[in-house]
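A.B. asks: next one to model:
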Amino acid sequence: MSIFNDTKIAFAEKSTAQLEKAKWMFTAIKYPSLTNVGINVLNFTIKNNFPFVTDLVKNTLFEQFCGGETREQSMKVVDKMFKHHVGSIFDYAIEGKEEEAAFDTTCEEIKENIKFAIGNLAIPFVVFKPTGFGRLDLYADVSAGKELTSSEKEEWKRVRNRYEEVCKMAYDNKVILMIDAEESWMQDAVDHLVNEMMEKYNKEKAYIWNTIQMYRTGRLEYLAHDLERAKSKNYFLGYKFVRGAYMEKERERAAEKNYPDPIQPTKEATDNNYNAAVDFVLENLDRVAAFFGTHNEKSTELAIDKMKTLGLAHDDERLHFGQLYGMSDNITYWLGENKYNACKYLPYGPVKDVVPYLTRRAQENTSVAGQTGRELSLIQKELERRRKEK
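C.D. replies: Purely as a prediction, here's the structure:
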C-alpha cells in the first residue's frame with residue numbers, strides 16, 4: 001500500500017467546492033477524444049477573443065494548474081503552500097512565442113523571479129524554458145552542427161547572452177536556477193550552454209541546474225560523462241530529473257526523418273531508467289544535487305527509502321522533490337508534512353497567453369497512463385471522507 005494515500009493531508013488547502021470542480025474537470029479530461037475536441041475549440045475561441053471563454057478558462061483549467069496572472073497574485077498560493085512546508089517554483093508559462101522582443105521580455109521576467117527568490121525560503125528555485133530565450137529551430141540547427149548565416153550567428157549570440165545574464169545574476173544572488181529540457185533535437189545545444197554555465201558558476205556549489213529527461217535513451221551515459229567532466233574541471237552538478245513530456249512528438253519525428261527512436265521502448269524501461277538516475281545521484285552526492293520531478297509514487301518512495309538507508313536528513317539541501325501545481329497533491333503534501341524538501345511548479349501568466357501551456361497539461365494528463373484516474377480517485381476519497389465527517 002502506498003504511503004501517499006492520506007487525502008486529508010493532500011487536500012488540506014482545498015475547499016469542498018474546489019474539490020468538486022477539480023473532480024468535474026479531471027472527469028472531462030479523462031477522455032482523449034473529448035479533450036482534443038475541447039482543445040481545438042478552446043484555441044479557436046481564445047485566438048478570436050471570445051471574452052466569455054477567457055472567464056471559463058480562468059475558473060477551470062487556469063485555477064487548477066496556475067497560481068495567478070502575475071507573480072504578485074500567485075503569492076497567495078505560495079504563502080498557503082509554504083505553511084505546509086511546500087515551496088514554489090515560479091514558472092513563467094508563456095509558450096510558442098518566436099519574436100526577439102518576446103525573448104527579451106521573458107529574460108527580464110526571469111530576472112524579476114530571481115529578485116523575488118533572494119533569501120525567500122518559500123521560493124527555492126527559479127526556472128526557465130530554453131524556447132523562452134530563443135527559437136526552437138535555431139537550437140535545432142546548432143544541435144545538428146549546421147553552418148549558421150551571419151544573422152543567425154548574431155541571433156545565437158543573443159540567446160547565449162540571455163543565458164549568461166540570468167546565470168550570473170542567479171550566482172551573484174545565491175539563487176538556484178534550473179533550465180528546463182525540451183525536444184531531443186534541440187537539446188544538445190541547450191546541454192552545451194548549460195554545461196558552460198555550470199562550469200563557470202558551480203565552483204562552490206550547484207547554482208545552475210540542467211534538466212534530464214529519463215524517457216530518453218542514452219541519458220545514463222550522458223550523466224556519467226557529465227560527472228567525469230565536472231570532476232576533472234572541479235565544479236558541482238545540479239539536475240532536475242523528469243520522465244519527459246514529448247513522447248508522441250519524438251516518436252513521430254524519428255519515424256518521419258528515419259533516425260533511431262530516442263525514447264525508451266516501454267514505460268517499464270523509462271521507470272527503470274528514472275530509478276537508475278536516483279541511484280546515480282545518491283551514489284555521487286559529494287558532487288551532485290538533484291530535484292526529482294515526478295508524479296510516480298514508486299520512484300518517490302524509492303528515493304525516500306535510499307535516503308533512509310544512507311542516513312540522510314529529510315531536508316538534506318542536495319535533494320528536492322517536486323510535482324506540478326494542481327496534480328499529485330497526495331505526494332507533495334505528504335513530503336511537506338514529513339519535512340522533505342517538497343515543491344510545486346507554479347505556472348503563472350495572463351490567461352490568454354497561458355492557454356498553450358494549459359492545453360498541453362490537459363493532453364499530458366490524458367496520455368499518462370492512470371494519472372487522471374489516480375487524481376479522480378483521491379479527490380473522490382477525500383470528498384467521501386468529508387461527507388462522513390459531517
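
A.B. asks: tell me the contacts of the residue nearest in space to the middle of the chain?
C.D. replies: Geometric centre of the chain, nearest residue: Y345, 6.0 Å, by C-alpha atoms, centre = their mean. For Y345, the contacting residues are 89, 91, 127, 293, 322-325, by C-beta atoms under 8 Å, 6 or more residues apart in numbering. Glycine gets a C-beta too; all of them are placed from N, C-alpha and C.

A.B. asks: check N210 too.
C.D. replies: By C-beta under 8 Å, 6+ apart, the residues touching N210 are 178-179, 181, 190-191, 194-195, 198, 237-240.

A.B. asks: now do the phi/psi pair for it.
C.D. replies: Phi and psi for N210, reported as degrees, to the nearest 10, are phi -100, psi 170.

A.B. asks: quick check: which element contains the closest residue to N5 other than its chain neighbours?
C.D. replies: Leaving aside its sequence neighbours, N5 sits nearest to N330 (C-beta to C-beta, 6 or more residues apart in numbering; 6.8 Å). Assessed by DSSP states H and E, N330 sits inside helix 329-337.

A.B. asks: could I get the contacts of Y345 in CSV, plus columns for pLDDT and neighbour count?
C.D. replies: Formatted as CSV, these follow (pLDDT from 0 to 100; neighbours: other C-beta atoms under 10 Å):
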residue, pLDDT, neighbour count
I89, 97, 26
D91, 94, 27
V127, 97, 22
G293, 97, 22
G322, 98, 28
Q323, 96, 24
L324, 93, 19
Y325, 94, 26
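
A.B. asks: now the two most distant members of those residues.
C.D. replies: Farthest pair in the contacts of Y345 (C-beta to C-beta) is V127 and Q323. Separation: 14.0 Å.

A.B. asks: ranges for the strands of the stretch 201-350 of the chain?
C.D. replies: For the stretch 201-350 of the chain, the strands defined by DSSP state E, counting those that start in this stretch occupy 208-213, 237-242, 288-293, 319-324, 342-348.

A.B. asks: mind putting the ones you listed into TSV with distance to F26?
C.D. replies: Formatted as TSV, those follow (distance: least, C-beta to C-beta, whole Å):
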stretch	distance to F26
strand 208-213	25
strand 237-242	21
strand 288-293	20
strand 319-324	13
strand 342-348	17
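
A.B. asks: for I263, which of those strands is the nearest?
C.D. replies: Nearest of those (C-beta to C-beta): strand 208-213, 9.1 Å.

A.B. asks: got the CA positions of the closest one in PDB?
C.D. replies: Only the C-alpha atoms of strand 208-213 are listed here, as PDB (Å, rounded to 0.1, in the frame of the first residue of the first chain):
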ATOM      1  CA  ILE A 208      22.900  26.300 -12.200                       C
ATOM      2  CA  TRP A 209      21.000  23.100 -12.900                       C
ATOM      3  CA  ASN A 210      20.200  21.200 -16.100                       C
ATOM      4  CA  THR A 211      17.100  19.000 -16.700                       C
ATOM      5  CA  ILE A 212      17.400  15.400 -17.800                       C
ATOM      6  CA  GLN A 213      14.600  13.500 -19.400                       C
END
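
A.B. asks: could you give the angle of that strand to strand 288-293?
C.D. replies: For strand 208-213 against strand 288-293, the angle by axes from the mean of the first three to the mean of the last three C-alpha atoms, to 10 degrees is 50 degrees.

A.B. asks: between the longest helix anywhere in the chain and strand 208-213, how big is the angle?
C.D. replies: When the chain is parsed with DSSP state H, its longest helix is helix 150-172. Inter-element angle recorded for helix 150-172 and strand 208-213: 110 degrees (by the same axes, to 10 degrees).

A.B. asks: helix or strand right after helix 150-172?
C.D. replies: Next along the chain after helix 150-172, taking DSSP H and E as the criterion, comes strand 176-179.

A.B. asks: what's the domain layout of this structure?
C.D. replies: The chain resolves into domains spanning 1-66+354-390, 68-348 when parsed by automatic domain parsing.

A.B. asks: just the ones you listed: most buried one?
C.D. replies: Highest mean neighbour count of the domains of the chain: domain 68-348, a mean of 18 (counted as mean count of other C-beta atoms under 10 Å).

A.B. asks: endpoints of that one, how far apart?
C.D. replies: Domain 68-348 has an end-to-end distance of 5 Å (C-alpha to C-alpha, to the nearest Å).

A.B. asks: so how far is that domain from its chain's centroid?
C.D. replies: 7 Å (C-alpha atoms, centre = their mean, to the nearest Å).

A.B. asks: sorry, back to before: which strands and helices sit next to the helix holding N330?
C.D. replies: Judged by 3 or more C-beta pairs under 8 Å, 6 or more residues apart in numbering; DSSP states H and E, the packing partners of helix 329-337 are helix 7-10, strand 86-92, helix 297-309, strand 319-324, strand 342-348.
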